[in-house]
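**Student:** quick one: sequence plus predicted model below, questions after.
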Amino acid sequence: MKWTEMEVEQPTVMTMLRQAVKKDRLSHAYIFEGMHGSRKEEAALLMAQSIFCARQTEGRPCESCVECKRIAHGNHPDVMFLHPDGDSIKKAQVEALQKEFTYKGMEAGTKVYLVHQADTMTASAGNSLLKFLEEPASPTMAVLLTENAHFLLPTIQSRAQRISFAPPLLSTRTAYFQEQGMSPASAGLLARLPDETLANYEEESKEWIVQGRALVIQLISEVQQRPQQALLTLQEKWLVHFKDRKELDIGLDLLLFWYRDLLSVQKAGGEFAYPDQMQKLESQALSITEQEIAASMQFILDAKRRLRANVNNQLLMEQLVLHLQEGS
Amino acid sequence: MGYQALYRVWRPRQLKDMAGQEHITKTLQNALEQEKFSHAYLFSGPRGTGKTSAAKIIAKAINCEHAPVREPCNECRACRGISDGSVVDVIEIDAASNNGVDEIRYIRENVMSAPRDISYKVYIIDEVHMLSTGAFNALLKTLEEPPKHAVFILATTEPHKIPLTIVSRCQRFDFKRITTKALTDRMNYIISQQEWAAEEEAVQLIARAAEGGMRDALSLLDQASSFAEDTITSDDVLAITGAVSQRFLAETIRSILAGDTSAAVRAADRLIQDGKDPVRFMEDVIYYLRDMLVAKTAPNVDEILDRVMVDDAFKELTGQAELSWIYKVLNELNTHFQQMKWSSHPKIFLEMALIQTAYVSSGRTEPAQGREVSSVSSDTYERLEKKIEQLEQKLNKVKEAPASEKTEENPSSQAPKRKAAPRTGGSQALGNDGKVRETIQGASREKLQELTGQWAAVMQKVKQTSVPGHAWISDAKPVATNGEKLILAFQNEMHRSMVDTKFRDAIESSIQEVTGRSLETVTLLNQQWEKVKQEYKNQQPASEEKESEPEKDPFVDEAIKLVGEDLLEIKD
């Protein structure tokens, strides 16, 4: 029973949905917001199942009838999906959807549509959806899935009920990556990375991430102890390993986790991204003040922001390393 | 799915039902009564303030069979026809989907023909800011001089995107955000009509979270009522909005005020564990501070407080904080808040922002409890216990690494007798061993944490005064302090004795410069320190229960590291 599984993982959300189904008070539009891996899609499908399921009990779908099975397999004619076409959801897609929804439902009265990565909607697509979202012609339910509801138009946000999914537990994610055959050390790092950056690296990432991790440790100890060496390492190893923007973004994340760990050492607590490097962390934590750590984290986050603005990778990293040295 | 969302069920049907827009409703009512209404209106304002509702009401009022009237009757054939959409002469256009010149040309052609069922043709153009430039210009002439039977109502959330030539041809009404009070009144009315029950505080919370949008408020109310079992409580509302309780906010602000970064970081941690939204939290903190600012500058004006309910903690904080402090913190948090929305690591961002804010705002003020040195209260014991446990674990690790096998010497015989600062009379006679014991007595984890946080700065100072001194001391680690004395643990006997004999003054003066307090340094070897600590711990009856805990199974330790304590069940 997937529903019960989900209830363990997202108790608040699932109670909310169950109550709504049970009391027949489902809204016509929902925003499901939560990190990737918080199983928003499963929840949305389950909700669709309990709407269509003829044998639902207490708001829970039976998950064995024809309707439930068809929805689970993505074959139900009245449950539609909207995926980004390329990088974004285009206006034409929304218009096609609206046209589709002017027809009556194939089977039951209700129609459901799921918009994946709703935050990628272009401004005109979002605006086109507005009126349709507010007062659809036929009984309709919209579910917008997004990782950050703040990216949606405020007018969309106010038209829908927003449901926030709790982020998946770090330990669960770590365990998941370990099952995939990662070493404990790199699994811990992978678990911390946001999934969209990981999506392309599932397979070849094993080796790559382990090397990247070693590089981060090397670079940081050079930044701290042998400043002249750091720029050389950057040139010879770092930029060779983290080649394009996406990879560099991951590299910056790894750096960030190191500083986050330093902070945890000073605060004596928390989960560590580099648990096997405790000795190094402890000795570094003694020679760097809390304020400097915060400043370094700020530098890295700034660098991440600039990266998105399409700057030169090498210059960006050199500047970052110089900043980090100054801070320490 | 026969259910309709609350905000659609309770869309106002008369101008007087519209909450919080008296300046507009009154103008419109008078215009309708005197039949002086314009041929083109532009309604602008934030989401959920009633633009589309007002447009629909006007469409009904001018076509009502009893016209001229102040309000539509909602009963005659025309009113009902417009409500259910069967009258073709009231045309609602979604400008976002129909934003081309072609659609506007279509309007232009059709506007000439007379209305079929009612007296006026009404064009409601919603989201009008999405029209293309060409479309706007095509509309211009029609908008300026439409036929007598046509009325245009444009509605938008972004009036700045509309060409000035359009704006100047319309009567413009700016809808403002609905006040918290108006929101609560309307919600209470709806709750009583729906025969629900809700806590007063819950309604308040919803009103605050809605930020002046009635639709937001009703959406939330809807969600809360379907989530709640019976009565809508404030906990239900907090659960669905992802907001935190006011108590939590007050605690966080208090820790920023005290410069207590550990507490602030812990708060951030707890926040994430509960699945709350960090961006939301940041915003709430900012609003809390804003209300503190208001309360500080204009006390006794409770109505203009936005989010906060005045309670004791709020009063206390407002009393403690200085105006300049609030300004600084607000400024700092605002900058971070802007960047945070776009960050993919909101949690780390939040921590960083909290730390930096705590520093920027307070300079380097020490937490108040750092001053009380002598009294060893029961909670000092508790803190000590924790600290010892923690140190024990650290030392175990150090021990695993090949420790230098040196014969243990009694530090008091080795270290040259040095004149202790005449602060405490007894310490001189007791010698080094006594000092260690004394230090350990009053030691607390907070003080050590504070010192280790600044240790980097101390080291830099030492380097400035004496470079060899810096080299000798760099393998030392501060392990305990009681606010007067500091124990430094060394890996290596040679380093220890050099520092002890030659560079003691350099270190002590550096510490004084950095922390502003004079600390006497006591040097020990790592092994000795461990022994002393063990002895001390044995003397403490309070810590007996915890005795066994430090000797953890290495397997269990590793398991905890891997999966976290929550998931682990240890069976002997």
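**Tutor:** Thanks, I have it.
**Student:** please count neighbours and contacts with C-alpha atoms only from this point.
**Tutor:** Fine.
**Student:** quick one: list the elements packing against the longest helix along chain A.
**Tutor:** For chain A, the longest helix by residue count, based on DSSP state H, is helix A:245-267. With contacts taken as 3 or more Cα pairs under 8 Å, 6 or more residues apart in numbering or on different chains; DSSP states H and E, helix A:245-267 sits against helix A:205-225, helix A:278-286, helix A:290-308, helix B:445-465.
**Student:** may I see the buried residues of the helix or strand following the last one?
**Tutor:** In this case it means helix B:445-465. Sequence order places helix B:467-473 as the next helix or strand after helix B:445-465, per DSSP states H and E. Judged by neighbour count (16 or more other Cα atoms under 10 Å in any protein chain shown), helix B:467-473 contains these buried residues: B:G469, B:H470, B:W472, B:I473.
**Student:** okay, now the residue nearest to the first one when sequence neighbours are not counted: neighbour count?
**Tutor:** I take that to be B:G469. Of all residues not flanking B:G469 in the chain, B:F503 sits nearest, at 5.8 Å (Cα to Cα, 6 or more residues apart in numbering or on different chains). For B:F503, the neighbour count with other Cα atoms under 10 Å in any protein chain shown is 18.
**Student:** please apply the same query to A:S138.
**Tutor:** A:S138, neighbours per other Cα under 10 Å, totals 14.
**Student:** shouldn't it be in contact with A:K104?
**Tutor:** Yes: A:S138 lies in contact with A:K104 (Cα atoms under 8 Å); the separation is 7.2 Å.
**Student:** is any part of stretch A:222-237 close to chain B?
**Tutor:** No: using Cα under 8 Å from any Cα of the partner chain, stretch A:222-237 never reaches chain B; the gap is at least 12.0 Å.
**Student:** show me where chain B dips below the pLDDT cut-off.
**Tutor:** The model of chain B has pLDDT under 70 over residues B:1-2, B:301-309, B:361-381, B:399-435, B:445, B:540-572.
**Student:** okay, strands next: where are they in it?
**Tutor:** B:40-44, B:90-94, B:121-126, B:150-156, B:171-174, B:197-198, B:231-232, B:477-481, B:485-490, B:520-525 (DSSP state E).
**Student:** quickly run through the sheet partners of the first one, with directions.
**Tutor:** Next to strand B:40-44 in the sheet, as set by DSSP bridges, lie strand B:150-156 (parallel), strand B:171-174 (parallel).
**Student:** which residues sit against the lengthiest strand in chain A?
**Tutor:** Ordering each strand of chain A by length in residues (DSSP E) puts strand A:140-146 first. Strand A:140-146 has contacts (Cα atoms under 8 Å, 6 or more residues apart in numbering or on different chains) with A:27-34, A:40-41, A:44, A:110-119, A:133.
**Student:** mind checking which of these are in helices?
**Tutor:** A:K40, A:E41, A:A44, A:L133.
**Student:** identify, from the residues you listed, the entry nearest to A:Q178.
**Tutor:** A:K40 (22.8 Å; Cα to Cα).
**Student:** confirm for me that that closest one is in contact with A:F165.
**Tutor:** Yes: in this structure, A:K40 is within contact of A:F165 by Cα under 8 Å, at 7.3 Å.
**Student:** now do the shared contacts for those two.
**Tutor:** Going by Cα under 8 Å, 6+ apart, residues that sit against A:K40 and also against A:F165 are A:F32, A:E33, A:G34.
**Student:** whichever of those end up buried, select them in PyMOL.
**Tutor:** In PyMOL, this line selects whichever of the shared contacts of A:K40 and A:F165 come out buried by 16+ other Cα under 10 Å:
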select buried, chain A and resi 32+33+34
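**Student:** now render the shared contacts of A:K40 and A:F165 as CSV, adding distance to B:C76 and pLDDT.
**Tutor:** Listed next are the shared contacts of A:K40 and A:F165 as CSV, based on distance: Cα to Cα, whole Å; pLDDT from 0 to 100:
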residue, distance to B:C76, pLDDT
A:F32, 42, 90
A:E33, 44, 84
A:G34, 48, 80
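**Student:** of the shared contacts of A:K40 and A:F165, closest to chain B?
**Tutor:** A:G34 (9.3 Å; Cα to the nearest Cα).
**Student:** now do the phi/psi pair for the closest one.
**Tutor:** With angles defined as degrees, to the nearest 10, A:G34 sits at phi 170, psi 160.
**Student:** circling back: could you dump the strands of chain B to CSV with mean neighbour count?
**Tutor:** Output for the strands of chain B, formatted as CSV (neighbours: other Cα atoms under 10 Å in any protein chain shown):
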stretch, mean neighbour count
strand B:40-44, 23
strand B:90-94, 20
strand B:121-126, 24
strand B:150-156, 24
strand B:171-174, 16
strand B:197-198, 18
strand B:231-232, 18
strand B:477-481, 23
strand B:485-490, 23
strand B:520-525, 24
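**Student:** against B:S474, how distant is B:R186?
**Tutor:** For B:R186, the distance to B:S474 (Cα to Cα, to the nearest Å) stands at 67 Å.
**Student:** got any ranges where chain A has weak pLDDT?
**Tutor:** Short version for chain A, where the test is pLDDT under 70: A:1, A:36, A:105-108, A:194-206, A:268-270, A:327-328.
**Student:** what's the domain layout of it?
**Tutor:** Per automatic domain parsing, the domain ranges recorded for chain A read A:2-164, A:170-327.
**Student:** tell me the contacts of whatever residue of the stretch 301-450 of chain B ends up closest to chain A?
**Tutor:** Residue nearest to chain A within the stretch 301-450 of chain B (Cα to the nearest Cα): B:M352, separated by 5.3 Å. Residues in contact with B:M352 (Cα under 8 Å, 6+ apart) are A:A294, A:A295, A:M297, A:Q298.
**Student:** quickly name whichever of these is closest to chain B.
**Tutor:** Lowest distance from chain B to these (Cα to the nearest Cα) belongs to A:A294, with 5.3 Å.
**Student:** correct me if wrong: that closest one contacts B:T357.
**Tutor:** No: in this structure, A:A294 is not within contact of B:T357 by Cα under 8 Å, at 10.1 Å.
**Student:** contacting residues for B:T515?
**Tutor:** So B:T515 contacts B:L451, B:Q454 (Cα under 8 Å, 6+ apart).
**Student:** I'd like the distance between the nearest residue to B:R47 once chain neighbours are set aside and A:A149.
**Tutor:** Leaving aside its chain neighbours, B:R47 sits nearest to A:T155 (5.6 Å; criterion: Cα to Cα, 6+ apart). Per Cα to Cα, A:T155 is found 12 Å from A:A149.
**Student:** B:A228: neighbouring residues, count only.
**Tutor:** Neighbours of B:A228 (other Cα under 10 Å): 18.
**Student:** ok, it to chain A distance?
**Tutor:** 8 Å (Cα to the nearest Cα, to the nearest Å).
**Student:** now the longest helix belonging to chain B: how far from the chain's centre is it?
**Tutor:** If you go by DSSP H, chain B has its longest helix at helix B:378-400. In terms of Cα atoms, centre = their mean, to the nearest Å, the centre of helix B:378-400 is set 33 Å apart from its chain centre.
**Student:** cool, and stretch A:167-174?
**Tutor:** Here stretch A:167-174 is found 12 Å from its chain centre; the criterion is Cα atoms, centre = their mean.
**Student:** now that stretch: buried residues?
**Tutor:** Buried residues in stretch A:167-174, counting neighbours by 16+ other Cα under 10 Å, are found at A:P167, A:P168, A:L170, A:S171, A:R173, A:T174.
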